[in-house]
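Colleague: just coords:
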């Protein structure tokens, strides 16, 4: 079995012409073709809206002193 992957063009009439040399000679083969269109324009990546998760913490006091107190508890 031989797997061949190539990128080619379909002509204006919608025909796909393949001329692929192989190492097989005078043999009957099964051919499977998967057509996967290639977009010439990159689709923009969806950017998630995090606005519903954003907030602001209000802190009264010295944050560094609180961190030191918490570390000293360990």
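Modeller: Everything's here; your move. Just so we're clear, the structure is a prediction, and the values are computed from it rather than from any experiment.

Colleague: hey, let's count contacts and neighbours off CA atoms from now on
Modeller: Will do.

Colleague: residue ranges with poor pLDDT in the chain?
Modeller: Scanning the chain with the threshold set as pLDDT under 70 gives 40-44.

Colleague: just want the most central residue of it.
Modeller: residue 45 (9.4 Å; CA atoms, centre = their mean).

Colleague: check which helix or strand that one maps to.
Modeller: For residue 45, there is no host helix or strand (DSSP states H and E).

Colleague: helices along the chain, start to end?
Modeller: 63-73 (DSSP state H).

Colleague: can you show me the strands along it?
Modeller: Ranges of strands in the chain, per DSSP state E: none exist.

Colleague: re earlier: the residue nearest to the centre of the chain and residue 24: what is the separation?
Modeller: From residue 45 across to residue 24, the span is 44 Å (CA to CA, to the nearest Å).

Colleague: repeat for residue 59
Modeller: Relative to residue 24, and taking CA to CA, residue 59 is found at 76 Å.

Colleague: same question for residue 37.
Modeller: Residue 37 is 29 Å from residue 24, by CA to CA.

Colleague: what do you get for residue 65?
Modeller: 78 Å.

Colleague: now for residue 25, how many residues are close by?
Modeller: By the criterion of other CA atoms under 10 Å, residue 25 has 7 neighbours.

Colleague: which residues are in contact with it?
Modeller: By CA atoms under 8 Å, 6 or more residues apart in numbering, the contact list for residue 25 is empty.

Colleague: okay, now residue 51: neighbour count?
Modeller: Neighbours around residue 51, by other CA under 10 Å: 7.

Colleague: dump the residue contacts of it.
Modeller: Residue 51 makes contact with no residue, according to CA under 8 Å, 6+ apart.

Colleague: and what of residue 5?
Modeller: Residue 5 neighbours (CA under 8 Å, 6+ apart): none.

Colleague: next: the one 4 residues further on.
Modeller: Each residue near residue 9 by CA under 8 Å, 6+ apart is listed here: residue 16.

Colleague: all further residue positions should be reported with the first residue as 34.
Modeller: Okay, using 34 as the starting number, the last item reads as residue 42.
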